[in-house]
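Asker: Okay, predicted coordinates and the sequence, questions at the end:
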Amino acid sequence: MKVKREFKNSNKPTETAKRYYISSLQVKPEDFQKAIRSHWSIENKLHWVLDVAFSEDASRKRQGNSAQNFSILKKIALNLLKKDTTTKIGIKSRRLKAAWSNSYLLKILNL
């Protein structure tokens, strides 16, 4: 499917971009555009949290499967930290709290 998109900015002339997608969805273009935005919204939120809370973009892991393995571990940790609803602090602060407090860490790990 080809999607033509126009970017309008008051300071610049209108820009046009064409993007091509492979999909089995049989929907109207407006609904397809919503699906694309929804996908990227989820993708951006996950990567933003991983970068802010775990400094994933600064990671220098390159050998073998280390980058992929640590990415999986970080996502597991993120899910465990998100499950804690008793503490009204951000994910990065929860991570630090778990590092400083063994009792909080055990609570997060459900042990």
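Answerer: Nice, thanks for sending it over.

Asker: and the end-to-end length of stretch 58-72?
Answerer: Terminal residues of stretch 58-72 are spaced 16 Å apart (Cα to Cα, to the nearest Å).

Asker: can you pull the buried residues of that stretch?
Answerer: For stretch 58-72, a neighbour-count test (16 or more other Cβ atoms under 10 Å) marks Ser71 as buried. Any C-beta I mention is one placed from the backbone N, CA and C, and that applies to glycine too.

Asker: quick check: mean pLDDT across that stretch?
Answerer: What stretch 58-72 shows for mean pLDDT is 87.

Asker: Okay, the residue most central in space within the chain and Leu109: tell me how far apart.
Answerer: Nearest to the mean C-alpha position of the chain, counting by Cα atoms, centre = their mean, stands Leu46 at 1.3 Å. Taking Cβ to Cβ, to the nearest Å as the measure, Leu46 falls 22 Å from Leu109.

Asker: Could you tell me whether Leu25 really is in a helix?
Answerer: No. Assessed with DSSP: H, G, I helix; E, B strand; the rest coil, Leu25 is coil; it does not lie in a helix.

Asker: No further queries at this time; thank you.
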